[in-house]
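**Student:** Provided below are the primary sequence and the corresponding predicted coordinates.
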Amino acid sequence: MTPEQENLRKSSQPMWRQLIRLSNESGSSLQSQLRRALVTAILDGHIPHHRPLPSSRELARQLGVARNTVVHAYQHLMDEGYLVAEERRGYFVNTDLVNSRISRAPKLVDSDAAFPNWEDRIKTRPSSQRNLGLALRNWRDFDYPFTAGQTDPGLFPVNEWRECCRQSLAVQAITEWMPDSVDNDDPLLLEQIQNRVLPPRGLWVSTDQILVTMGAQNALYILARLLVSEGDKVGFEDPGYPDARNIFELRHCDIAPLPIDEDGLVVDDRINDCSLVYCTPSHQSPTTATMSLGRRQDLLRRAGEHDVLIIEDDYESELNFAGAPTPALKSLDGNDRVIYIGSLSKTLAPGLRLGYMVGPKALIDEARALRRLMLRHPPSNNQNAVAHFLALGHHDSLVHRLAHSYRQRWEAMDEALKEYLPYSSRAPAFGGSAFWVRLPLGVSADDIERIAGENSILVVSGNNYFLDPQPENAYLRLGFSSIRSEKIKDGIEKLAKLINDVAS
């Protein structure tokens, strides 16, 4: 090595150590981290175009990694066009690739015009609606996450899911899901929903009566857009699911409160003049009450007599471990009045955002057309991976394991509440993933949510579930899907102490 090359090598060492920081604790391979760091340095312009990168041996020495790690990283970046090799000189940044990028912000057009008044321009403000606490976004940061709707990562079948992802990444599979499907769904997923998911709920339908959605909320939004006009009366459970209420409110309809008791939705004359009723019969959200068979039959008779449509959100129907299952409302429907919404979020993974709706073909055709305008179709690769997960029996096995684990947590929560907050709650009759806990008179649910959060206990105030933002009674919704059994008693004891301190 010439003295000039040796000086260049020494002067470049601090640069490479600063640009490339590798860690064995990051969860990514060293080669992947190295590739990512080099791509970032190239695209950000931190590597001079005229200067060769260090040799694979030299960079490996500087970073303390195997030479093959650097060799494979360099080769990968050459294949992708980031680097070019010059004989006897080494690896250089590919200037053709870098020069194709805009390197600096363009000069703005000078104008004396005023900025738009966005406060006046925005016609709809979903952010002003009452929503569940923002702390739910950071539920992993809490010592005691008593939240529902999230899954315990320790229960997720990682190996089985990877197997299904590998199948969806086979060459033939990629060629099938890669094109834009316009408004079609994965045929294998439709077949699995038809033959594997729906029959246990008492539903046998054709695939043209099924639409795959981006979760249950996407289905609700589509149905509200298709079926609800301004001024329509929509019967809504009170308390009920806040995001469903918010979706209907965006349609400027008249939301009619329908009370809940221990048998679920109260079916009476208040339903007669509704054009549509939204309900969660399997595990009422949030009280967990299960609508009795007699109520279901009465609701369907009344809907037929008064020309009422029903949206059945079959919330947590799979998480049934404390009693005999009750058939889906739609399975009893004799004249096509019930639109059924299901989701794989509560069992497989909320982040996948896959659900489905079942209804008459005429409705599903319009829902498919509207979905195309919104997002065309849910990502085809996700649909295909989930289809394999269902076809290989992994979902049925997962539901069985979840039921076993959730039953243990359900029993631990029930025992802890009876010991530390007696008479505050009633154990859900048919399972689910949460308890509906009544607070002592005069105690604010919002205050308890805030104070508990300050003590690393995540709970959800029940206020936002009611149509009246200041309900007569205060409740908490305590989920157990994300907290291990052994932490439940300690967390409830700490929560009870906070509640009692506030009450006294």
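**Tutor:** Here it is on my side, so go on. Numbering: from 1, shown residues only.
**Student:** Under the pLDDT cut-off, which ranges of the stretch 101-250 of the chain? List them.
**Tutor:** Filtered on pLDDT under 70, the stretch 101-250 of the chain yields the residue ranges 102-105, 133-135.
**Student:** mind redoing it with 90?
**Tutor:** Of all residues in the stretch 101-250 of the chain, those with pLDDT under 90 make up the ranges 101-116, 127-128, 130-141, 147-157, 171-182, 200.
**Student:** in this structure, which helix has the most residues?
**Tutor:** With DSSP state H setting the assignment, residue counts place helix 394-420 as the longest helix in the chain.
**Student:** what distance separates it from the centre of its chain?
**Tutor:** Distance of helix 394-420 from the chain centroid (Cα atoms, centre = their mean, to the nearest Å) equals 21 Å.
**Student:** Now the element after it, going C-ward?
**Tutor:** strand 434-438 (DSSP states H and E).
**Student:** could you give the angle of that following strand to helix 394-420?
**Tutor:** Note on geometry: by axes from the mean of the first three to the mean of the last three Cα atoms, to 10 degrees, strand 434-438 and helix 394-420 are set 20 degrees apart in direction.
**Student:** Residues touching the helix or strand following strand 434-438, excluding its own?
**Tutor:** The helix or strand immediately downstream of strand 434-438 is helix 445-454, counting by DSSP H and E. With contacts defined as Cβ atoms under 8 Å, 6 or more residues apart in numbering, helix 445-454 is touched by 133, 135, 142, 439, 458-463, 474-476, 495, 498-499, 502. No exception for glycine: its C-beta is placed from N, CA and C like everyone else's.
**Student:** Helix 445-454 vs strand 434-438, what angle?
**Tutor:** For helix 445-454 and strand 434-438, the angle between their directions (the same axes, to 10 degrees) works out to 120 degrees.
**Student:** so who does the residue nearest the centre of the chain touch?
**Tutor:** The centre of the chain sits closest to residue 350, judged by Cα atoms, centre = their mean, with a distance of 3.2 Å. Listed by Cβ under 8 Å, 6+ apart, the contact set of residue 350 reads 149-151, 215.
**Student:** By neighbour count, which of these wins?
**Tutor:** Taking other Cβ atoms under 10 Å as the neighbour criterion, residue 150 ranks highest of the contacts of residue 350 with 21 neighbours.
**Student:** and residue 276, how far is that from residue 226?
**Tutor:** Remark: distance between residue 276 and residue 226 (Cβ to Cβ, to the nearest Å) = 11 Å.
**Student:** Comparing the two, which shows the higher neighbour count?
**Tutor:** Each of residue 276 and residue 226 has its neighbours counted (other Cβ under 10 Å); residue 276 has more, 22 against 13.
**Student:** ok, the more buried one touching residue 306?
**Tutor:** No. Taking contacts as Cβ atoms under 8 Å, residue 276 lies outside contact range of residue 306: 11.4 Å.
**Student:** which stretches of the stretch 51-200 of the chain form helices?
**Tutor:** 56-63, 67-79, 95-99, 118-121, 158-168, 171-177, 187-192 (DSSP state H, counting those that start in this stretch).
**Student:** Serialize those to TSV and add fields for mean neighbour count and distance to residue 316.
**Tutor:** Putting these into TSV (neighbours: other Cβ atoms under 10 Å; distance: least, Cβ to Cβ, whole Å) gives the following:
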stretch	mean neighbour count	distance to residue 316
helix 56-63	18	49
helix 67-79	17	45
helix 95-99	12	50
helix 118-121	7	39
helix 158-168	15	21
helix 171-177	13	29
helix 187-192	19	20
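**Student:** Could you provide the ones you listed in a markdown table, with additional columns for distance to residue 248?
**Tutor:** Shown next, in a markdown table, are those (distance: least, Cβ to Cβ, whole Å):
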| stretch | distance to residue 248 |
| --- | --- |
| helix 56-63 | 57 |
| helix 67-79 | 51 |
| helix 95-99 | 50 |
| helix 118-121 | 25 |
| helix 158-168 | 34 |
| helix 171-177 | 34 |
| helix 187-192 | 28 |
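**Student:** who wins for proximity to residue 376 among those?
**Tutor:** In terms of Cβ to Cβ, the element of the helices of the stretch 51-200 of the chain nearest to residue 376 is helix 171-177, at 13.2 Å.
**Student:** And the contacts of that closest one?
**Tutor:** The contact list for helix 171-177 (Cβ under 8 Å, 6+ apart) reads 167-168, 186, 380-381, 383-384.
**Student:** quick one: which of the residues you listed has the most company?
**Tutor:** Among the contacts of helix 171-177, where neighbours are counted by other Cβ under 10 Å, the top count belongs to residue 186, at 26 neighbours.
**Student:** contacting residues for the nearest residue to that one once chain neighbours are set aside?
**Tutor:** Distance criterion Cβ to Cβ, 6 or more residues apart in numbering; nearest residue to residue 186, sequence neighbours excluded, is residue 383 at 3.8 Å. Applying Cβ under 8 Å, 6+ apart, we find residue 383 in contact with 177, 185-186, 189, 212, 354, 377.
**Student:** Mind putting those residues into JSON lines with distance to residue 332?
**Tutor:** Putting the contacts of residue 383 into JSON lines (distance: Cβ to Cβ, whole Å) gives the following:
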{"residue": "177", "distance to residue 332": "36"}
{"residue": "185", "distance to residue 332": "26"}
{"residue": "186", "distance to residue 332": "30"}
{"residue": "189", "distance to residue 332": "26"}
{"residue": "212", "distance to residue 332": "24"}
{"residue": "354", "distance to residue 332": "26"}
{"residue": "377", "distance to residue 332": "31"}
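**Student:** Go through those residues and flag which are in strands.
**Tutor:** Judged by DSSP state E, strands contain the following of the contacts of residue 383: residue 212.
**Student:** just for the stretch 401-504 of the chain, where's the confidence low?
**Tutor:** Where the stretch 401-504 of the chain drops to pLDDT under 90, the residues are 401-407, 422-433, 469-470, 472, 481-482, 503-504.
**Student:** let's see 70
**Tutor:** Confidence mapping of the stretch 401-504 of the chain against pLDDT under 70 gives the ranges 425, 427-430.
**Student:** same thing with the stretch 251-400 of the chain?
**Tutor:** For the stretch 251-400 of the chain, the stretches flagged by pLDDT under 70 are 321-325.
**Student:** Tell me where it has strands.
**Tutor:** Taking DSSP state E, counting those that start in this stretch, the strands of the stretch 251-400 of the chain run over residues 254-261, 264-265, 276-279, 309-313, 338-343, 355-358.
**Student:** Please work out which residues outside the fourth one touch it.
**Tutor:** Going back to what we said before, that points to strand 309-313. Surrounding strand 309-313, the residues in contact under the criterion Cβ under 8 Å, 6+ apart are 216, 220, 223, 227, 241, 244, 275-281, 285, 299-300, 303, 328-330, 333, 337-341.
**Student:** number of nearby residues for the nearest residue to residue 253 once chain neighbours are set aside?
**Tutor:** Ranked by Cβ to Cβ, 6+ apart and with sequence neighbours excluded, the top spatial neighbour of residue 253 is residue 232, at 4.6 Å. The local packing count at residue 232 equals 17, with neighbours defined by other Cβ under 10 Å.
**Student:** same question, residue 245
**Tutor:** Per other Cβ under 10 Å, the neighbour tally for residue 245 reads 22.
**Student:** Tell me the secondary structure at it.
**Tutor:** Three-state assignment for residue 245 (DSSP: H, G, I helix; E, B strand; the rest coil): helix.
**Student:** Run a quick check on residue 89 versus residue 53, I expect a contact.
**Tutor:** No. Counting by Cβ under 8 Å, residue 53 is not a contact partner of residue 89; they are 10.5 Å apart.
**Student:** More neighbours: those two, which one.
**Tutor:** Neighbours around residue 89 and residue 53, counted as other Cβ under 10 Å, are more numerous at residue 53. The numbers are 21 against 8.
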